[in-house]
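Asks: what's the 3D shape of this:
(one chain, ligands or ions: 1)
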Amino acid sequence: MLRRIGVITRDCAGVNAALRALVRTAASHNLEVLGIIRGYDGLIDGNLTVLDRRSVSGIINLGGTILKSARSERFLTAAGQQQALKTIREHGLDGLVVIGGNGSLSGAHLLATKYGIRVMGIPATIDNDVNGVDFCLGADTAVNVALDALDKIRDTATSLERIFVVEVMGRDCGYLAMKVALAGGCEDVLLPEQDFSLEEICREIEAGNARGKVSWIVIVAEGRATARDVAAAITGLTGLETRIAVLGHIQRGGRPTAFDRILAARLGNAAVEYLMAGETDKCVSLKNDSLELVPLEIAIQPKKLKFEPEYRLLKLLS
Ligand code: F6P
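Replies: Numbers count the residues shown, from 1 in each chain. Sure thing, here's the model as predicted:
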């Protein structure tokens, strides 16, 4: 039987809403929750705080994580892992919920397989690159934040009849770029998962120009190229003026969308229920509106997404 669990977080929109759901579900089972401050570093340093129903009130709409986060180099070492185990023992943690992307979930998998700790993951990353999981927390908000920025860029692109190259995040995954490009009505998108020809893009721009189409927005996924290089190449090949925008970390922040809050409520609740039912070394996921479990050893594998149908649609409609 579980009496006390810990929770570790990375930051993106929806993480606080998931914490709220997790803590309140746990409270309904008289299960205590300790929040671990600054991710795996907090586990190593024994930096924990009690989370009760009241400590998670008023956070459903907040971006980031109230627990703070960090990329922990120390947790990659044997000494760091031993320190983390000591904290788990000293604080009487019967299990851990880990909310984050591939790095965080890899840490959870290691704790489960190497040290026998009971863990449950909640996929949360704007990259949406957790394998076997359709929707990671934070991805929908990131698409909407980027789209809002893109709509503003479009105002200038249209008014001044300019070519814009806009770089979005996503690490090695093109999910965010593809969704933003399609939702934003962009002319093209350069994805890590697909080949592209700059010469072909430039031919299209020149042909469009000849027809009187003078404003273009090309999205670049950060895992594919930089906006600066692509813009310089377009100017080099066409002689046309370009502007760039690198959206950066605004995409990871902001108020979670309704979709992310509801996902957070369901995943936060399910993580506790599954842990209590004896499940471990898995992460919760929503598929076809039903909750399911994905083994962490699958979740941390590289995700291979195919964007051809959406890309064809973008090209047809642009
Ligand atoms: O994994 C989320 C993400 O925002 C990526 O999209 C991006 O490449 C990376 O993190 C940025 O990392 P950092 O915040 O450490 O600069």
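Asks: spell out which parts of the chain neighbour the ligand.
Replies: When proximity is defined by CB under 6 Å from any ligand atom, the chain lies next to the ligand at 101, 125, 126, 127, 169, 170, 171, 222, 252. (Each C-beta comes from the backbone N, C-alpha and C, glycine too.)
Asks: switch the cut-off to 8 Å
Replies: With CB under 8 Å from any ligand atom as the criterion, the chain meets the ligand at residues 10, 12, 71, 101, 125-127, 129, 169-171, 176, 222-223, 249, 251-252.
Asks: in ChimeraX, select just the buried ones from the residues you listed.
Replies: Buried members of these, defined by 16 or more other CB atoms under 10 Å, are picked up in ChimeraX with:
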select :10,12,101,125,126,127,129,169,170,171,176,222,223,251,252
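Asks: helices - which of the residues of the chain next to the ligand land there?
Replies: Counting by DSSP state H, the part of the residues of the chain next to the ligand found in helices is residue 176.
Asks: got the contact list for the closest residue to the ligand within the stretch 51-200 of the chain?
Replies: Using CB to the nearest ligand atom, residue 169 is the residue of the stretch 51-200 of the chain that sits closest to the ligand, at 3.4 Å. Shown in contact with residue 169 (CB atoms under 8 Å, 6 or more residues apart in numbering): 126, 127, 142, 176, 222, 247, 248, 249, 251, 252.
Asks: quick check: the fifth one touching residue 168?
Replies: Yes - under the contact definition of CB atoms under 8 Å, residue 222 touches residue 168, with a separation of 6.7 Å.
Asks: quick one: low-confidence parts of the protein?
Replies: Along the chain, segments meeting pLDDT under 70 are nowhere present.
Asks: show me it divided up by domain.
Replies: Listed by automatic domain parsing, the domain ranges of the chain are 4-138+256-299, 140-253.
Asks: next, the distance between the ends of the first one.
Replies: Right, domain 4-138+256-299. Domain 4-138+256-299 has an end-to-end distance of 25 Å (CA to CA, to the nearest Å).
Asks: go ahead and flag the most central residue of the chain.
Replies: In the chain, the C-alpha nearest the mean C-alpha coordinate belongs to residue 125, at 1.6 Å (CA atoms, centre = their mean).
Asks: got the phi/psi numbers for it?
Replies: phi -170, psi 140 (degrees, to the nearest 10).
Asks: ok, it - contacts?
Replies: The contact partners of residue 125, by CB under 8 Å, 6+ apart, come to 10, 12, 100, 101, 102, 136, 137, 138, 139.
Asks: would you reformat those as JSON lines and include distance to residue 56?
Replies: Putting those into JSON lines (distance: CB to CB, whole Å) gives the following:
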{"residue": "10", "distance to residue 56": "17"}
{"residue": "12", "distance to residue 56": "17"}
{"residue": "100", "distance to residue 56": "18"}
{"residue": "101", "distance to residue 56": "22"}
{"residue": "102", "distance to residue 56": "26"}
{"residue": "136", "distance to residue 56": "21"}
{"residue": "137", "distance to residue 56": "15"}
{"residue": "138", "distance to residue 56": "18"}
{"residue": "139", "distance to residue 56": "22"}
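Asks: which residues touch the residue of the stretch 201-318 of the chain found nearest the ligand?
Replies: Proximity of the stretch 201-318 of the chain to the ligand (CB to the nearest ligand atom) peaks at residue 252, 4.9 Å away. Residue 252 is in contact with 11, 12, 13, 63, 126, 138, 142, 169, counting by CB under 8 Å, 6+ apart.
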